[in-house]
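# what shape does this take:
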Amino acid sequence: MTETVKHNLQQSLQAEIRKASPLSGGDINDVYLLDTTAGKFVVKLNSASRYPGMFPAEAEGLEVLGSTGAIHIPAVIEQGTAGGTAYLVLEYMEPGNPGPGFWEAFGRQLAGLHRNTADNFGFEHSNYIGSLPQYNEYCKRAAEFYVAQRLQPQFKLAHDLGYRFDTVPLYKNLEAVIPEEAPALVHGDLWGGNYLVSKDGNPCLIDPAVAYAHRETDIAMMHLFGGFPSPMIDAYNETFPLCAGWKERMDLWQLYYLLVHLNLFGTGYLQGVRRIVGRYT
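Take a look at the predicted model:
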């Protein structure tokens, strides 16, 4: 953390930073726990020029999720730039341990989040999935949104990187496979690293890539890398039952996330993408 950033943060928070301790933040952001005279905060830092608009989009997503009251979301404290570095200051969630019924409560709260709907699929602004742009132009139908705003941009990027796929029959077939549902407010990147357990033992979501999308996208991402046990899904289904055949469609929604990983991290994800494309063509 540069002195320029530290100075700006102290001015924004109107507090002295006594200590800044590094936290795990992935490949994109540097993350610190700030111990200040006004309390503890989490700050995320990255390059304002390399990731333009990332933190404003994340802040907007957190605020929209939090406004539902369905599940705990860290409050956005401040955001800005200093010396070419963008920063986002968030409420510090003191960690705890999941108690009895944690997963069932998590499932019910996620179902409550997904009950928030809109007139169209999409979102007011585009945002990010990892370090890649995620597009959110409004669409009337779930399949239209998934193809135009999720798959096509990622397949185009994959093509530019030298990967080749036959996508025309894929897009056509998805029209018949994706069930129509009302748009749901989704977290958008719900893997095991994007939730916390608060001090009082409740779930808390972080690092969203929000949109009003088909809610099976969150369910599919939860199953892609593991970390969410069956009692959570069972409680979700009891609260807000998924459409018949949701288990068979999970790989369809996972295709988007595997494409993102292919474009970010390379050929280790190519076989998974090819398998799903082959299944739906």
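# what about this protein, any weak spots by pLDDT?
For the chain, residues meeting the criterion pLDDT under 70 lie at 25-26.
# hmm, 80 instead?
By pLDDT under 80, the weakly predicted segments of the chain are 25-27, 227.
# for the longest strand along it, which strands pair with it and how are they oriented?
The longest strand of the chain (DSSP state E) is strand 39-47. Partners of strand 39-47 in the sheet, by DSSP bridges, are strand 30-36 (antiparallel), strand 85-91 (antiparallel).
# which one of those strands is the most hemmed in?
Stretch with highest mean neighbour count among these: strand 85-91 (a mean of 21; mean count of other CB atoms under 10 Å). C-beta coordinates here come from the backbone N, C-alpha and C atoms, glycine included.
# give the next helix or strand downstream of it.
The element immediately downstream of strand 85-91 (helix or strand, assigned by DSSP states H and E) is helix 102-114.
# which other helices and strands contact that following helix?
Contact analysis of helix 102-114 by 3 or more CB pairs under 8 Å, 6 or more residues apart in numbering; DSSP states H and E lists strand 184-186, strand 203-205, helix 230-239 as its packing neighbours.
# buried residues, the longest strand of the chain. List them.
Going by neighbour count (16 or more other CB atoms under 10 Å), the buried part of strand 39-47 is 41, 42, 43, 44, 45, 46.
# need the contact list for residue 200.
Contact partners of residue 200, counting by CB atoms under 8 Å, 6 or more residues apart in numbering, are residue 96.
# and it, which of the three is it?
coil (DSSP: H, G, I helix; E, B strand; the rest coil).
# quick one: the strands in the stretch 101-250 of the chain?
Along the stretch 101-250 of the chain, the stretches classed as strands by DSSP state E, counting those that start in this stretch are 127-129, 132-134, 184-186, 195-197, 203-205, 211-213.
# can you redo these as a markdown table with distance to residue 60 and mean neighbour count?
What follows is the strands of the stretch 101-250 of the chain, written out as a markdown table (distance: least, CB to CB, whole Å; neighbours: other CB atoms under 10 Å):
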| stretch | distance to residue 60 | mean neighbour count |
| --- | --- | --- |
| strand 127-129 | 8 | 22 |
| strand 132-134 | 13 | 18 |
| strand 184-186 | 13 | 25 |
| strand 195-197 | 19 | 18 |
| strand 203-205 | 14 | 21 |
| strand 211-213 | 11 | 28 |
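# among the ones you listed, which comes closest to residue 177?
Of all the strands of the stretch 101-250 of the chain, it is strand 211-213 that lies closest to residue 177, at 15.6 Å by CB to CB.
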